[in-house]
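Trainee: I'll drop the sequence and a predicted model, then ask my questions.
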Amino acid sequence: MQEQNYLEKSDQELVELSLKNKDSYGFLVQKYENKLNRYILRFSGLRQEDAEDVLQDVFVKVYKNLNDYDPKLKFSSWIYRITHNETITFLRKVKRRPTTYEFDIDAVKVKTLKQELNMEKDVDDKNTAVHILKMINNLPPKHKDVIFLRYIEDKDYKEISDILKKPQGTVATLLKQAKEQLKVQITKNNHLFN
Amino acid sequence: MENNQDIDIKNKIMAEIDKDKICPTPKWCFACKNYFVWTLLGTLIILTSIIFSILVFLFISHDWDVYKYVSSNLAQHILVYTPYFWILFFLVFILFANYIFTKTKEGYKFELKKTRLFGFTIILVIMLISLFLGMARLVHETIFENIPQYDYVIHDKNNIWDNHDNGLLSGQIIEIIDPKTFYLEDFKNKLWQVKEQKDIKMPRNFIIEKGIKIKIIGKEFPGNIFIANTIKPWKTKLGF
């Protein structure tokens, strides 16, 4: 019953409660652990054990910096920013480039991606998803970051701007460039989608 | 399976927080950091503006029309008299200010072009204030008087007009002997007897008086005598 009450609270309320009582922080962790774990795995291609290590660092860092959280920002953007940065730091530490882990994207996202990349409607969705993910992974990091957050994580421009700490205009430009690059890749590798 | 794993992560984190006695960093630490970053940025903007005003001061106060007396051509003159030292400082400060701006909490939200335009406008305004309040001159002259090495890296109008061999002399009038002759002490404290040529060129309404600083074009003769064909006030019309 008490857990139910906590889970109904907003992020801002949970932050305030966590500052008063550390046990409340557990509910914030519970609320985000799955989403962030999935994000780390998808974005970096790390093994589950490594992703968990990153996730632990993220939640400890978030807890230490709770007083630095600015309520003008969405809490999810703030925690995604820390997660994104911690993942990059981890990858640098192990001297690895992010590799996209193979995962299932839901049909709606694949449809959106196909529309955005002007792909034919009748190409196989599963096949398309696999190849597009590989292509996204081969993009330069700044392009990969925006396209990943926009189409895989469903973040809007404002959220991407807050996560990556880039102006919204820059996010729009990077997204446009990333899509152009993907379109070129798709045209070059058209045979993969038939 | 997935649920058990989730519970493990949450429990591990809470156990780590307990074990290492981790606490949220107090709010004042973040506030101090924030104030420090903004104060540093403000200081950098003011310093950049003052450096900019020194550059403009050196450019405006430079008597470009007499370059022929000290340099063989304009290109060589520009090469020798460009204040590289201040240009370097200006670039370093502006890049550092730009970097610090990106470190502010909300700096990323602003478009780079607009931010740079806004920053440059602020620098321009402070530069003009510093220039017209005499701050640029004060800083330049204070460094000039206190750091001997400064003379080696910055060649300003003092260097140009300290060229009696090439017909350029400057200093302060210390005694008027007659309407056409006076004594002048140059900026290296050397005494000169200056005699005005018949067709002397001087700005309109400019009166030779004891105590004023002037610059002279003319010719040097033995015995510290200087025959002047042009006399100008030390400062330009705008006061530089």
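Mentor: On my side now, so go ahead. All values reported here derive from a predicted model rather than from experimental measurement.

Trainee: name the next helix or strand downstream of the helix-or-strand element of chain A with minimal mean pLDDT, please.
Mentor: The least trusted helix or strand in chain A, going by mean pLDDT, DSSP states H and E, turns out to be helix A:2-7, with a mean of 68. Proceeding N to C from helix A:2-7, the next assigned helix or strand is helix A:11-20, under DSSP states H and E.

Trainee: who touches that next one?
Mentor: Helix A:11-20 is contacted from outside by A:6, A:9, A:24-25, A:27-28, A:31, A:63, A:66-67, A:69, A:71, A:74-76, B:24, using Cβ atoms under 8 Å, 6 or more residues apart in numbering or on different chains. Where C-beta positions appear, they are placed from N, C-alpha and C, glycine not excepted.

Trainee: then stretch B:28-47?
Mentor: By Cβ under 8 Å, 6+ apart, stretch B:28-47 touches A:65, A:67-68, B:93, B:96-97, B:100-101, B:103-105, B:119, B:122-123, B:126.

Trainee: kindly report the same for stretch B:172-185.
Mentor: B:169, B:171, B:191-196, B:208-214, B:216, B:226.

Trainee: now, of these, which are buried?
Mentor: Taking 16 or more other Cβ atoms under 10 Å in any protein chain shown as the criterion, what is buried in the contacts of stretch B:172-185 is B:169, B:171, B:192, B:193, B:194, B:195, B:196, B:208, B:214, B:216, B:226.

Trainee: please point out which parts of whichever strand or helix holds the last one sit buried.
Mentor: What that stands for is residue B:226. Per DSSP H and E: residue B:226 is located in strand B:225-233. In terms of neighbour count (16+ other Cβ under 10 Å), strand B:225-233 has its buried residues at B:226, B:227, B:228, B:230, B:231, B:232.

Trainee: quick check, nearest of the residues you listed to residue A:130?
Mentor: Top of the list for closeness to residue A:130, among these and by Cβ to Cβ, is residue B:232 at 80.5 Å.

Trainee: so what sits opposite the closest one in the bridge?
Mentor: residue B:215 (DSSP bridges).

Trainee: ok, now which ones touch it?
Mentor: Residue B:232 sits in contact with B:202, B:203, B:206, B:214, B:215, B:216, where contact means Cβ under 8 Å, 6+ apart.

Trainee: ranges for the helices of chain A?
Mentor: Using DSSP state H, the helices of chain A run over residues A:2-7, A:11-20, A:22-44, A:48-64, A:75-93, A:107-116, A:125-137, A:141-147, A:157-164, A:168-188.

Trainee: lowest-confidence stretch among these?
Mentor: Of all the helices of chain A, the minimum mean pLDDT falls on helix A:2-7 (a mean of 68).

Trainee: near chain A, which residues of chain B?
Mentor: Those residues of chain B that sit near chain A, judged by Cβ under 8 Å from any Cβ of the partner chain, are B:2, B:6, B:9-10, B:12-14, B:16-17, B:22-27, B:29-30, B:105, B:108-112.

Trainee: can I see the domain layout of chain A?
Mentor: The record's domain parsing of chain A by automatic domain parsing lists A:2-93, A:107-193.

Trainee: how about these in CSV, adding mean neighbour count?
Mentor: Shown next, in CSV, are these (neighbours: other Cβ atoms under 10 Å in any protein chain shown):
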stretch, mean neighbour count
domain A:2-93, 17
domain A:107-193, 17
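
Trainee: so which of those is nearest residue B:85?
Mentor: domain A:107-193 (34.7 Å).

Trainee: gap between that closest one and the chain center?
Mentor: 13 Å (Cα atoms, centre = their mean, to the nearest Å).

Trainee: next one: it, is it in contact with chain B?
Mentor: Yes. Counting by Cβ under 8 Å from any Cβ, chain B has neighbours in domain A:107-193: A:161, A:165, A:166, A:167, A:168, A:169, A:170.

Trainee: looking at the residues you listed, which is nearest residue B:136?
Mentor: For the residues of domain A:107-193 next to chain B, the nearest to residue B:136 is residue A:167 (34.2 Å; Cβ to Cβ).

Trainee: care to break chain B down by domain?
Mentor: Split by automatic domain parsing, chain B gives B:27-153, B:162-233.

Trainee: redo those domains as CSV? Include distance to residue A:187.
Mentor: Output for the domains of chain B, formatted as CSV (distance: least, Cβ to Cβ, whole Å):
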stretch, distance to residue A:187
domain B:27-153, 32
domain B:162-233, 70
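
Trainee: next, format those domains as a markdown table and append mean pLDDT.
Mentor: Listed next are the domains of chain B as a markdown table, based on pLDDT from 0 to 100:
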| stretch | mean pLDDT |
| --- | --- |
| domain B:27-153 | 92 |
| domain B:162-233 | 92 |
